[in-house]
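Here's a sequence, model it:
(4 chains)
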2 protein chains.
Amino acid sequence: MANIQQVAQKAGVSVATVSRVLNNHATVTPKTRLKVEQAINELNYEPSMLGRNLRNSESRLLLVLIPSISNPFYTEIIDGIEDTAIKNNYNILLCDTDSNPQRENIYFNLVKNKLADGIISMDPAVDMQKLIDLAEHHPIIQCSEYDENSCIPYVTIDNELAAYHAVKHLIKLGHEKIALINSDEKFLYARQRRQGYERALSEFNLPINKEWIYNTTQLEFEFGQQAMKKLLQSDEKPSAVFAVSDTLAIGALKEINSHGLLVPDDISVVGFDKISFSSMTNPTLTTVSQPMYRMGCTAASMLIDSIQGNKVESIVLNHELVIRESTMG
Amino acid sequence: MANIQQVAQKAGVSVATVSRVLNNHATVTPKTRLKVEQAINELNYEPSMLGRNLRNSESRLLLVLIPSISNPFYTEIIDGIEDTAIKNNYNILLCDTDSNPQRENIYFNLVKNKLADGIISMDPAVDMQKLIDLAEHHPIIQCSEYDENSCIPYVTIDNELAAYHAVKHLIKLGHEKIALINSDEKFLYARQRRQGYERALSEFNLPINKEWIYNTTQLEFEFGQQAMKKLLQSDEKPSAVFAVSDTLAIGALKEINSHGLLVPDDISVVGFDKISFSSMTNPTLTTVSQPMYRMGCTAASMLIDSIQGNKVESIVLNHELVIRESTMG
DNA sequence: CTGAAAGCGCTAACAC
DNA sequence: GTGTTAGCGCTTTCAG
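Predicted structure coming up:
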């Protein structure tokens, strides 16, 4: 692969001039510019980002940390991030951390080592202390998941309010025995959604029954099934279930089905995230929709802003309750 | 951020010695090594990959091209790639091409520009000519999808045989009216799977009915629904459906359901890929399982081999038919 | 408007 | 064992 030297030689100019042509520095005669462009074409030359980045100490690469590529929730957010990044002449690097600290470390090092300019973290299981340390010297944005105590900017929705709305919807339908399938409450969003759940119940003077609250360790379908199985064993069966993730809700749906019960006639179900599969279930799933694409765009804009040395403020976006068959008695 | 110079100065040695310590070149006195390590710690020094890569002209980054992060089929493959890459001290960069040639270009440039050492392409819609051109100077492996005429090495399964097995399974169950929901036959796997479908029918002297063959333009659920809708309108309704992707099969399932028909009693359904959702549907889906994790591992090994200058041979792995409720009359 | 030259951070010959 | 130095490919002063 040719380098800038060879192009310069072929064009009969200096490397500086070639560089000027490459970077559109207006101060080049059309004639020399033409010569250089010809040489570039003939040699099939492509500038090396490595040299450029080393010189400019920037990589124009953004890291996006996701716990697992298999969670469909992230799909649209990433589209938003990617579109915005490309628009600003950045590229993104998807980092599947698997919630594994060792992998996490690798990606953090990419930033420390100047191979990436900043990070958008969407991993709820991220090592917060390390992220905070990194944020001292490098631009970092949290997306969807965040830490309220750190001063790392974030973009998210109001999880408490969203959960409140979901549960209130069930109450308005006449449900009084509403179960909660929550994920691990070490995650902030899990704690917030539980608060919303409890607030809705309290507001309508419904008791909070511990037997109807189940915490899963993970978000895969199977954990939703397991949770539902347990809930169906309780002394008094709930008549509705709010799951903090569509994947869990879909698992619950499956379990309810396999017990010969009907949704929503016997039990109503509400999920969270509006993943694409949620309209393929039978019945289709009522769920809380986050503005995922916009969330991604916002996070990317914030990160790029931050890279360019600007101060950025955290943002809370609006959610929306999507009512479908699983709550349409 | 400190650089190697400052470390050398602080430790009272030369940069070469620091470099030796960093790269574990045994020829360093324990005493000096200690001094250097101390300086590294005090300065919080992290070597810059940019400098290192420029010097070594390698990035130890592998590009993985996927058409869309939302297709669950790729999840496990990527796990395999990632594990193997990390084991060999490489990192991977997930590239969501969206089957958009412009994005594709960006990623190709990363390789040309030495920011990545090689590519694993899983995008069936990739611009083959460009890929072939790139492969002349850069290590490239095709995974799952491939071009039979290029000499780019690939790892895949025998799609024709897999489809043959799936359809034969339906025939053995007594089905004679078997529909095919295929994707766009500009893709090799689509052509191969159709061949397998036709071979099975021919072998049992079943006619090939054009009305029962439907080609979708995309793989999302909705396209499976649409296809099934069309098939249910045909003069003679099929009694079984083979879809070349689980996502399509799930869409078909949904459509059959919403017509008040039962699977498998009225219509049996077979999918392809064994994505995680396929066990969450009602009924669970019979499907063809590819050894995805191993496929990913293999692709990564081949790529790394290729980067290290070795010749690599294409590999065909075995598939497996997973029989579940959707064909258990 | 263009060229010469320094230097980004690092590694590997080559000396000593 | 360790230091000196050239150079990876590029951009950007500074002169002219």
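
Could you name the helices and strands sitting against the helix or strand containing A:V167?
Using DSSP states H and E, the element containing A:V167 is helix A:159-172. Where contact means 3 or more CB pairs under 8 Å, 6 or more residues apart in numbering or on different chains; DSSP states H and E, helix A:159-172 is packed against strand A:178-182, helix A:188-203, strand A:240-243, strand A:268-272, strand A:286-289, strand A:320-322. The way it works is simple: take the backbone N, C-alpha and C, and place the C-beta from them, glycine included.

So which bits of the stretch 51-200 of chain A are right by chain B?
A:51, A:53-54, A:57, A:59, A:61, A:68-70, A:72, A:74-75, A:78-79, A:82, A:86, A:91, A:93-96, A:98, A:103, A:106-107, A:109-110, A:112-115, A:137 (CB under 8 Å from any CB of the partner chain).

near DNA strand C, which of those residues show up?
Applying CB under 7 Å from any atom of the strand, the subset of those adjacent to DNA strand C comprises A:51, A:54, A:57.

Serialize these to CSV and add fields for pLDDT and distance to B:E211.
CSV is the format used below for those (pLDDT from 0 to 100; distance: CB to CB, whole Å):
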residue, pLDDT, distance to B:E211
A:G51, 87, 60
A:L54, 84, 62
A:S57, 81, 63
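
Top of those by number of neighbours, please.
Counting neighbours by other CB atoms under 10 Å in any protein chain shown, A:L54 comes out on top of those with 20 neighbours.

Just list the residues touching A:D96, thanks.
Listed by CB atoms under 8 Å, 6 or more residues apart in numbering or on different chains, the contact partners of A:D96 are A:66-69, A:103, B:78-79, B:82, B:94.

which of these lies closest to DNA strand D?
Distance to DNA strand D, by CB to the nearest atom of the strand, is smallest for B:L94 among the contacts of A:D96, at 25.8 Å.

do you know how far that closest one is from A:T84?
17 Å (CB to CB, to the nearest Å).

again, but for A:L232
44 Å.

Same question for A:V167.
Counting by CB to CB - A:V167 and A:T84 are separated by 33 Å.

neighbour-wise, which of those two wins?
The residue with more neighbours, out of A:V167 and A:T84, is A:V167; 26 against 22, by other CB under 10 Å.

Hmm, A:G196 and that one touching each other?
Yes - between A:V167 and A:G196 there is a contact under CB atoms under 8 Å: 6.8 Å.

Show me which residues of chain A are close to DNA strand C?
Residues of chain A lying near DNA strand C (CB under 7 Å from any atom of the strand): A:12-17, A:20, A:27-29, A:31-33, A:51, A:54-55, A:57.

circling back: need the helices and strands packed on helix A:159-172 in a markdown table with mean neighbour count and distance to B:V263, can you?
Shown next, in a markdown table, are the helices and strands packed on helix A:159-172 (neighbours: other CB atoms under 10 Å in any protein chain shown; distance: least, CB to CB, whole Å):
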| stretch | mean neighbour count | distance to B:V263 |
| --- | --- | --- |
| strand A:178-182 | 26 | 27 |
| helix A:188-203 | 19 | 35 |
| strand A:240-243 | 30 | 25 |
| strand A:268-272 | 29 | 22 |
| strand A:286-289 | 24 | 24 |
| strand A:320-322 | 15 | 26 |
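
Can you convert these into TSV and add a column each for mean pLDDT?
Output for the helices and strands packed on helix A:159-172, formatted as TSV (pLDDT from 0 to 100):
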stretch	mean pLDDT
strand A:178-182	98
helix A:188-203	97
strand A:240-243	98
strand A:268-272	98
strand A:286-289	98
strand A:320-322	97
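
Flag the shaky bits of chain A, pLDDT-wise.
A:102 (pLDDT under 70).

and it, what are its domains?
Domain assignment of chain A by automatic domain parsing yields the ranges A:4-47, A:61-156+A:292-317, A:159-291+A:322-327.

okay, these in CSV with distance to B:I152 next?
Listed next are those as CSV, based on distance: least, CB to CB, whole Å:
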stretch, distance to B:I152
domain A:4-47, 20
domain A:61-156+A:292-317, 23
domain A:159-291+A:322-327, 32
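
State the distance from A:I81 to DNA strand D.
Plainly put, A:I81 is 26 Å away from DNA strand D if you go by CB to the nearest atom of the strand, to the nearest Å.

what residues does the helix or strand where that residue lies touch?
A:I81 belongs to helix A:74-87 when elements are defined using DSSP H and E. Under the criterion CB under 8 Å, 6+ apart, residues A:62, A:64, A:66, A:91-92, A:94, A:120, A:122, A:143-144, A:275-276, A:292-301, A:304, B:68-70, B:96, B:98, B:103, B:106 lie in contact with helix A:74-87.

What subset of the residues of the stretch 51-200 of chain A next to chain B is buried?
A:53-54, A:59, A:61, A:68-70, A:72, A:74-75, A:78-79, A:82, A:86, A:91, A:93-96, A:98, A:103, A:107, A:109-110, A:112-115 (16 or more other CB atoms under 10 Å in any protein chain shown).

Now do the helix or strand that comes right after the helix holding A:I81 and helix B:74-87, the angle between them.
Going down the chain from helix A:74-87, the next helix or strand is strand A:91-96, by DSSP H and E. Counting by axes from the mean of the first three to the mean of the last three CA atoms, to 10 degrees, strand A:91-96 lies at 90 degrees to helix B:74-87.

What helices and strands are in contact with the helix or strand that strand A:91-96 is followed by?
Downstream of strand A:91-96, the next assigned helix or strand under DSSP H and E is helix A:101-112. Judged by 3+ CB pairs under 8 Å, 6+ apart, the packing partners of helix A:101-112 are strand A:61-66, strand A:91-96, strand A:118-121, helix A:128-137, helix B:74-87, strand B:91-96.

just the angle between the fifth one and helix A:101-112, please?
In this structure, helix B:74-87 runs at an angle of 70 degrees to helix A:101-112, with the same axes, to 10 degrees as the basis.

send the alpha carbons of helix B:74-87 over as CSV?
Provided in CSV are the C-alpha atoms of helix B:74-87 (Å, rounded to 0.1, in the frame of the first residue of the first chain):
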residue,chain,number,x,y,z
TYR,B,74,-25.7,-13.5,14.8
THR,B,75,-25.5,-13.4,18.5
GLU,B,76,-23.9,-16.7,19.2
ILE,B,77,-21.6,-16.5,16.2
ILE,B,78,-20.3,-13.2,17.5
ASP,B,79,-19.7,-14.8,20.9
GLY,B,80,-17.6,-17.4,19.3
ILE,B,81,-15.6,-14.9,17.3
GLU,B,82,-15.1,-12.7,20.3
ASP,B,83,-13.9,-15.5,22.6
THR,B,84,-11.4,-16.7,20.0
ALA,B,85,-10.2,-13.2,19.2
ILE,B,86,-9.6,-12.3,22.9
LYS,B,87,-7.8,-15.6,23.4
